[in-house]
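1. Sequence and predicted structure, then a few things I'm wondering about:
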Amino acid sequence: MNGNELDIMEDKMDKMYNICPICGSPLRDDFTKPKEYMWRYDCYRCGKFKILTTGISALNGQISGIELNDITKIYISGWIRENQGSNIIIDSKIMESLMSLPELSMFEKADKMLQYLAEQFPVAGTYLGYNFTEVYGILEKIKIRRVPDENTQNGREFFKNILVLLPLIAIGRIINGHEFSFLFSQYLEDTKQYISKGSPKYITPAGWAYLETFRHPNPDSKKAFVAMWFDEKMEEIYDSHLRKAVEKAGFKPIQIGRKEHNNDINDEIIGEIRSSKFVVADFTGNRGGVYYEAGFAHGLNLEVIHTCQEDQLKDVHFDINHRNIIKWKDGEDLYNKLLNRIKATIV
């Protein structure tokens, strides 16, 4: 991109009146000209992220094969919010990958909102200090670009509310006020009774009991599923180091390639993951099956310990590379680091 094209792009971004290019929400900091072909944003809904020039081009529909509709952007916004703290830098390649983010069911959206509220108000019985009735109006004002002046009384109240409500909306991948009202009022309050009706609101005992199933899906299990590349070198690493680390921590490692069975291999994998307390996923070799098994475990709210030989980290997919991956040099290094991680996070 030459200097003239960049100037045109800067002018176009300046005309966005200080709104997020992903979700259209107000920005917490004034938009500034890019430095080194990188735009930096701090959005009330998405959170903090950076976009390279190619990412901006993708957002503007200037790259063939990348077409972002409003729903796709809502899911991208939620992904960014969930991955805060990982120095998110978006280019056209990542933007293309984000187009395929899986859609959530209404139950998954409600679960994400309930879990987020529990993180913000972790003490049982604490009132949820958010004005949930403002969500519909907030989303409508943002949609029609009628955000009030923050120097007025209405504006100060508006920005006070979006500071706490828009992250919740992002986490839940909420499309509009109607969907929020359905999930929050009709589902979480009326149907499931996980949140109290009336005011003030709090997470009910039934809500906390439900949340406990996410924190400890299999509290008494002593099994650990191992997802890895079935390569001769990695099999040796497994036998000499990885397996021993899991056993030393007090768990039985399950490596599907070593299990005798007459069933469909996928059924066996799913069954073993479902009954495990946690999963060790080693991404050495960048195998698709490991991504699938780790993702399935995440969907069950199982703890997943990510590992990878350090000279292959560059090949790890962006959805994983922001996580706290154990980087190992050799088998002994993997043994020590994995054992310490299990003791710190699982035992």
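-> The structure has been received and is ready for your questions. Residues are numbered from 1 along each chain as shown.

2. Okay, residue 216 and residue 328: tell me how far apart.
-> Distance, residue 216 to residue 328, by C-beta to C-beta, to the nearest Å: 28 Å. Placement of C-beta: from N, CA and C, glycine included.

3. Residue 54 now?
-> Residue 54 is 33 Å from residue 328, by C-beta to C-beta.

4. Looking only at neighbour counts, state which of residue 216 and residue 328 leads.
-> Set residue 216 next to residue 328 and count neighbours by other C-beta atoms under 10 Å: residue 328 wins out with 22 against 13.

5. Let me know the helix or strand that the residue nearest to that one when sequence neighbours are not counted is in.
-> With sequence-adjacent residues excluded and distances taken as C-beta to C-beta, 6 or more residues apart in numbering, residue 328 is closest to residue 334, at 3.8 Å. Using DSSP states H and E, residue 334 sits in helix 331-345.

6. Packing partners of that helix?
-> The contact analysis (3 or more C-beta pairs under 8 Å, 6 or more residues apart in numbering; DSSP states H and E) places helix 331-345 against helix 232-237, helix 243-248, strand 303-309, strand 326-328.

7. So what touches that helix?
-> Contact partners of helix 331-345, identified using C-beta atoms under 8 Å, 6 or more residues apart in numbering, comprise 224, 236-237, 240-242, 244-246, 248-249, 251, 278, 280, 303, 305, 307, 326, 328.

8. hmm, which of these are the buried ones?
-> Using 16 or more other C-beta atoms under 10 Å as the burial test, the contacts of helix 331-345 include 224, 237, 241-242, 244-246, 249, 251, 278, 280, 303, 305, 307, 326, 328 as buried.

9. List the contacts of the longest helix seen in the chain.
-> Assignment by DSSP state H gives helix 153-171 as the longest helix of the chain. Helix 153-171 has contacts (C-beta under 8 Å, 6+ apart) with 23, 25-26, 44-47, 77-78, 80-82, 112-113, 116-117, 120, 129-132, 134-135, 138-139, 141, 147-150, 180.

10. Give the rounded mean pLDDT of that helix.
-> For helix 153-171, the mean per-residue pLDDT is 97.

11. do stretch 29-48 as well
-> Stretch 29-48 comes out at a mean pLDDT of 80.

12. Tell me the pLDDT of residue 265.
-> Residue 265 is given a pLDDT of 69.

13. returning to what we had before: list the ones among the contacts of helix 153-171 that fall in helices.
-> Per DSSP H, the subset of the contacts of helix 153-171 in helices is 77-78, 80-82, 112-113, 116-117, 120, 135, 138-139, 141, 180.

14. From those residues, pick the one nearest residue 40.
-> When those are ranked by distance to residue 40 (C-beta to C-beta), residue 80 comes first, at 12.9 Å.

15. just checking, that closest one touches residue 88?
-> Yes - between residue 80 and residue 88 there is a contact under C-beta atoms under 8 Å: 5.8 Å.

16. Contacts only, for residue 114.
-> Residue 114 neighbours (C-beta under 8 Å, 6+ apart): 188, 194-195, 203, 207, 210-211.

17. Put together TSV for the residues you listed, with neighbour count, distance to residue 257 and secondary structure on each row.
-> Formatted as TSV, those follow (neighbours: other C-beta atoms under 10 Å; distance: C-beta to C-beta, whole Å; DSSP: H, G, I helix; E, B strand; the rest coil):
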residue	neighbour count	distance to residue 257	secondary structure
188	22	42	helix
194	23	41	coil
195	23	45	strand
203	24	43	strand
207	21	41	helix
210	17	36	helix
211	18	35	helix
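
18. picking up where we left off before, quick check: the two most widely separated of the ones in helices among the contacts of helix 153-171?
-> It's 82 and 141 that sit farthest apart of the ones in helices among the contacts of helix 153-171, by C-beta to C-beta, at 24.6 Å.

19. Now do the buried residues in stretch 273-284.
-> Quick answer for stretch 273-284 (16+ other C-beta under 10 Å): 273, 276-284.

20. out of the residues you listed, which are inside strands?
-> Applying DSSP state E to the buried residues of stretch 273-284, the entries found in strands are 278-282.

21. Point out where the chain drops to low pLDDT.
-> 1-17, 30-36, 258-265, 319, 321-322, 347 (pLDDT under 70).

22. care to break it down by domain?
-> 3-98, 106-215, 223-345 (automatic domain parsing).

23. ok, residue 41 - contacts?
-> 20-22, 27, 31, 48-51.

24. Can I get these in TSV including neighbour count and distance to residue 299?
-> Shown next, in TSV, are the contacts of residue 41 (neighbours: other C-beta atoms under 10 Å; distance: C-beta to C-beta, whole Å):
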residue	neighbour count	distance to residue 299
20	25	28
21	20	30
22	26	24
27	18	32
31	19	36
48	17	26
49	25	24
50	15	28
51	26	28
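
25. any chance of these in a markdown table, with distance to residue 268 too?
-> Formatted as a markdown table, the contacts of residue 41 follow (distance: C-beta to C-beta, whole Å):
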| residue | distance to residue 268 |
| --- | --- |
| 20 | 45 |
| 21 | 45 |
| 22 | 40 |
| 27 | 49 |
| 31 | 52 |
| 48 | 42 |
| 49 | 39 |
| 50 | 42 |
| 51 | 42 |
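
26. So which of those is the closest to residue 72?
-> Using C-beta to C-beta, the contacts of residue 41 come closest to residue 72 at residue 22, 9.9 Å.
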